[in-house]
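> No letters, just coordinates:
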């Protein structure tokens, strides 16, 4: 019952019909993050797109200026000097055919996959495994590249991938409840800027329809779109 009481208290402090300014919304999220672990602060967006149409797909990456607060494990498909470069950059798992076999065997202990272009023939065989998990390397996202140092560093330092789901929804984490409010605000604005810039050519009418923020276990707080430039 204690958990229910906490949630009731949280809900009592939030007007479910009100649209809050960004700063106030994030402040409420922090106040209501009362779990025994450091909750992730999440953004949920409803976009005016139908991702079944290629010209309405919204996908990209954004470097959050204050990081994600999450330790990201990175796997790199590379050989020779590029494999050495990946290890030096801090990659957690580096390999080629051997890594493919490990993944095919059911072991996926990483959050991001990077590959050099020459390894895509090997990586391509893992499409059915990595694709549904959103882990397939993609040149447009900077995860198929010869610059493995930059790709590994970006992944480790707060880069977040986003991709619209079937109903026009995007979910992403923008930090932890333990972050300062100013840092969460900066990350939120960087994330929203990236979404607005990723508006596809086929999007008609209002692009960003709804935005809400919450913590992993806390209630959602609606954000006033007036504060989001370009939405």
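Perfect, I can see it now. From a predicted model like this one, the values you see are computed outputs, not experimental measurements.
> Give me the three-state assignment for residue 38.
Following DSSP: H, G, I helix; E, B strand; the rest coil, the label given to residue 38 is coil.
> wait, doesn't it sit right on residue 70?
No - when contacts are counted by CB atoms under 8 Å, residue 38 is not listed as touching residue 70 (9.6 Å). Where you see a C-beta, it was placed from the backbone N, CA and C, and this is true even at glycine.
> so what sits against both of those two?
Residues touching both residue 38 and residue 70 (CB atoms under 8 Å, 6 or more residues apart in numbering): residue 176.
> longest helix of the chain?
helix 181-197 (DSSP state H).
> What residues sit buried inside that one?
Residues of helix 181-197 classed as buried by neighbour count (16 or more other CB atoms under 10 Å): 183-192, 194-195.
> farthest pair in these?
Comparing all pairs in the buried residues of helix 181-197 by CB to CB, the longest separation belongs to 183 and 195, at 19.0 Å.
> quick one on the thing from earlier: any idea which helix or strand comes after the longest helix of the chain?
strand 208-215 (DSSP states H and E).
> what angle sits between that next one and helix 181-197?
150 degrees (axes from the mean of the first three to the mean of the last three CA atoms, to 10 degrees).
> Report the buried residues of strand 208-215.
208, 210-215.
> What pairs with it, parallel or antiparallel?
Strand pairing for strand 208-215, determined by DSSP bridges: strand 40-47 (antiparallel), strand 221-222 (antiparallel).
> residues in contact with it?
With CB under 8 Å, 6+ apart, strand 208-215 has contacts from 25-26, 29-30, 32-33, 35, 39-48, 168, 177, 188, 192, 195-196, 220-223, 225, 228, 231.
> Over to stretch 57-67?
Against stretch 57-67 from outside (CB under 8 Å, 6+ apart): 47, 49, 51, 140-142, 154, 157-164, 170, 174-175, 179, 183-184, 186-187, 190-191, 193-195, 197-200.
> now do stretch 94-114
72-79, 83, 86-87, 91-93, 119, 122-123, 125-126, 129-130, 133, 135-137, 143-145, 148, 151-152, 155, 161.
> Mark which of these are part of strands, please.
The members of those that map onto strands under DSSP state E are 74-77, 93, 161.
> which residues of the chain score low on pLDDT?
The chain contains residues with pLDDT under 70 at 1-12, 229-231.
> Next one: residue 94 from residue 87, what distance?
5 Å (CB to CB, to the nearest Å).
> Distance of the residue lying closest to residue 152 once chain neighbours are set aside relative to residue 77?
Distances taken as CB to CB, 6 or more residues apart in numbering put residue 89 closest to residue 152, at 3.9 Å, once the chain neighbours are dropped. In this view, residue 89 and residue 77 are 14 Å apart by CB to CB.
> Check residue 175 too.
29 Å.
> One more: residue 134?
16 Å.
> When the two are compared, which one has more neighbours?
Comparing residue 134 with residue 77 by other CB atoms under 10 Å, the one with more neighbours is residue 77, at 28 against 14.
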